[in-house]
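Enquirer: Let me see the structure of the following:
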Amino acid sequence: MWKTACIITLACLAPTAAAAGEWSTRTAGGMDTRLYLPDAAGAVGSGRSLLVLLHGCTQANDAFVRRGNLEPAAEAWGMVVAAPQVPNGGVVLGCWDYYGANHSRTTRHSPYLLDLVRDLLADGSLGIDPNQVYIAGLSSGAGEAVVMGCLAPDVFAGVGVNAGPAVGTSQQQAGLVGTTAAAAETVCRQLAGAAEADLASQVASIITGTADYVVAQGYATVNAEMYASLASAPDASDLDVTTLEGYQPAGQGRVWSDAEGARVSRIVVQGMGHAFPAGSGSGFEVEFIASRGPAWPAYLARFFAEHNPRIAAGPAPDAGVPEDAGPIADAGMAADGGTPAPDAGTPQDAGTPAPDAGIPPDGGSDADAGASVDGVADAGLAPAAGGCRGAGAPGAWAWVLVLGVVLFRRR
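Expert: Below you'll find the model as predicted:
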């Protein structure tokens, strides 16, 4: 049996029924949440699927509403999309608390997300199949998605990791790979506790860009190999990225399969920076969202629906409040270091790489495609103004890096 536990508005909105085929706003899991309810019924299984989508640092959940290109995928596959705003402003400047390995179902941001799933499953008007609950995110949101997939594999049948670090890593390890697939797998299994067996039936999609100089691109391989090992999917084959939905998709892909089919995919998007791959058309990367390239929402919805082994698994468990498995040791990973630093989060264009020190957040103008940032400390570097840091203030040399970014940003 399953066990489950801001753009900030001026007032907390009470739950309201979402109009079919439209975005609405409700409070779910104690968080301000943007919710899309498609007209379409579920394409597979016994109801609609649910995708919980987590933003990055200094990004708002509304960015996915404005630019995420989620609606076509939601309608095609009968997928409810829930994009919560991180509670209480996040650990620093809107960052999800994925740092380190000291997580449990009842600490940090975990209970909010488990309560969100419980609240949405309890709403019969949404018609969600509990065997088709997925979680994905960008940057710190991706790091949190991995944590939640490890903590509650009985709840989350699939995980999407967009430019995210590996589980168990610290604030100093965003810009430089600081773990291995084997070490990350050890942490993930420890976090799962009594639900460890459910890790074997998760599916996962990992995506990053060749111009991401904020979160180390090598984490895409670490995460993919971790999930392939958890799923016992040893067979790897190439994926032709140019055949995916989107706008001029290009890059490299890899799929890991078991005897039943594909279980894990990794896509490296040519020219994309630290951004969510919407694949909606030509244009710059704005609000951490890339319009050019593959449409990851469409790919994610299809991949989960077609390869989730739980869809025909019989009666779905309930969405009760999870019991706390207790925090775990760091399993050799870097310590959490107190208040976590934010994740990496500066969208890059396809031009000259930006430094890893973080740059000030953008005001949201579409004209300035390179200015929108997710703000984070990379590999121990102090973030710039508008970036995130667990403690202390950036040194003088960091401000020099910031000035360099401002002067030489490309768009």
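
Enquirer: Surely residue 55 and residue 86 touch.
Expert: Yes. Assessed by CB atoms under 8 Å, residue 55 is found in contact with residue 86 at 7.2 Å. Every residue, glycine included, has its C-beta placed from N, CA and C.

Enquirer: what's the neighbour count on residue 43?
Expert: By the measure other CB atoms under 10 Å, the count of residues near residue 43 is 17.

Enquirer: actually residue 261, not the one I wrote
Expert: For residue 261, the neighbour count with other CB under 10 Å is 12.

Enquirer: Tell me the secondary structure at residue 223.
Expert: For residue 223, the assignment made with DSSP: H, G, I helix; E, B strand; the rest coil gives helix.

Enquirer: for residue 145, same thing?
Expert: Put simply, residue 145 is helix when judged by three-state DSSP.

Enquirer: could we number from 46 for the rest of this?
Expert: Renumbered: residue one is now 46, and that last one reads residue 190.

Enquirer: Any idea what the closest residue to it other than its chain neighbours is bridged to?
Expert: Sequence neighbours aside, residue 182 is the residue nearest to residue 190 in space, at 4.1 Å (criterion: CB to CB, 6 or more residues apart in numbering). On the basis of DSSP bridges, residue 182 is bridged to residue 99, residue 206.

Enquirer: same check, this time on residue 124
Expert: For residue 124, the residues forming beta bridges with it (DSSP bridges) are residue 94.

Enquirer: quick one: pLDDT of it?
Expert: On the pLDDT scale, residue 124 is placed at 98.

Enquirer: okay, residue 100 and residue 131: which has more neighbours?
Expert: residue 100 (32 against 29).

Enquirer: shared neighbours of residue 100 and residue 131, anything?
Expert: Common neighbours of residue 100 and residue 131, counting by CB atoms under 8 Å, 6 or more residues apart in numbering, are residue 139.

Enquirer: and the residue nearest to residue 190, what is it in contact with?
Expert: 98, 99, 100, 101, 141, 188, 189, 190, 205, 206, 207, 209 are the contacts of residue 182 under CB under 8 Å, 6+ apart.

Enquirer: Wait, the last one touches residue 193, no?
Expert: The reference is to residue 209. No. Judged on CB under 8 Å, residue 209 makes no contact with residue 193 at a distance of 11.8 Å.

Enquirer: Compare the two and say which one has the larger neighbour count.
Expert: Counted by other CB under 10 Å, residue 209 and residue 193 do not tie: residue 209 has more neighbours, with 35 against 28.

Enquirer: That one should be in a strand, yeah?
Expert: No. If the criterion is three-state DSSP, then residue 209 is coil and not within a strand.

Enquirer: Could you report the neighbour count for the closest residue to it other than its chain neighbours?
Expert: Computed as CB to CB, 6+ apart, the closest residue to residue 209 that is not its neighbour in sequence is residue 187, at 2.4 Å. Close neighbours of residue 187, defined as other CB under 10 Å, add up to 31.

Enquirer: Identify the residues contacting residue 187.
Expert: So residue 187 contacts 99, 101, 181, 205, 206, 207, 208, 209, 210 (CB under 8 Å, 6+ apart).

Enquirer: most surrounded residue in those residues?
Expert: Neighbour counts for those peak at residue 101, which has 40 neighbours (criterion: other CB under 10 Å).

Enquirer: thought it was touching residue 184?
Expert: Yes. The criterion here is CB under 8 Å, and residue 101 meets it with residue 184 at 3.4 Å.

Enquirer: what's the spacing between the residue nearest the centre of the chain and residue 161?
Expert: Centroid-nearest residue in the chain, with CA atoms, centre = their mean: residue 182, separated by 1.4 Å. Per CB to CB, to the nearest Å, residue 182 is found 13 Å from residue 161.

Enquirer: now swap in residue 206 and tell me
Expert: For residue 206, the distance to residue 161 (CB to CB) stands at 19 Å.

Enquirer: With residue 287 instead?
Expert: 36 Å.

Enquirer: Who has more neighbours out of these two?
Expert: The neighbour comparison of residue 287 against residue 161 (other CB under 10 Å) goes to residue 161, with 24 against 13.

Enquirer: which residues sit in contact with the residue lying closest to the more buried one once chain neighbours are set aside?
Expert: Excluding the flanking residues, the one nearest residue 161 by CB to CB, 6+ apart is residue 74, at 2.9 Å. Listed by CB under 8 Å, 6+ apart, the contact partners of residue 74 are 129, 157, 158, 159, 160, 161, 162, 163, 164.

Enquirer: Which of those fall within helices?
Expert: Among these, DSSP state H puts 157, 158, 159, 160, 161, 162, 163, 164 in helices.

Enquirer: would you list every one of the strands in the stretch 96-245 of the chain?
Expert: 124-129, 173-183, 203-207 (DSSP state E, counting those that start in this stretch).

Enquirer: Against residue 103, how distant is the residue nearest to residue 161?
Expert: In this view, residue 74 and residue 103 are 22 Å apart by CB to CB.

Enquirer: for residue 309, same thing?
Expert: For residue 309, the distance to residue 103 equals 30 Å [CB to CB].

Enquirer: Over to residue 160?
Expert: 25 Å.

Enquirer: Walking through this protein, point out its helices one by one.
Expert: Under the criterion DSSP H, the chain carries helices at the ranges 107-112, 116-122, 155-167, 185-196, 226-237, 263-275, 341-352, 441-453.

Enquirer: Quickly compare those helices and say which is most buried.
Expert: Neighbour counts (mean count of other CB atoms under 10 Å) averaged over each of the helices of the chain peak at helix 185-196, with a mean of 31.

Enquirer: Please could you give me each C-alpha atom of that helix, formatted as CSV?
Expert: Output in CSV follows, covering the C-alpha atoms of helix 185-196 (Å, rounded to 0.1, in the frame of the first residue of the first chain):
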residue,chain,number,x,y,z
SER,A,185,17.1,22.5,-8.3
GLY,A,186,13.6,21.2,-9.3
ALA,A,187,15.3,18.3,-11.1
GLY,A,188,17.4,17.6,-8.0
GLU,A,189,14.3,17.6,-5.9
ALA,A,190,12.5,15.4,-8.4
VAL,A,191,15.3,12.8,-8.1
VAL,A,192,15.1,13.0,-4.3
MET,A,193,11.4,12.5,-4.3
GLY,A,194,11.6,9.6,-6.7
CYS,A,195,14.1,7.9,-4.4
LEU,A,196,12.2,8.7,-1.2
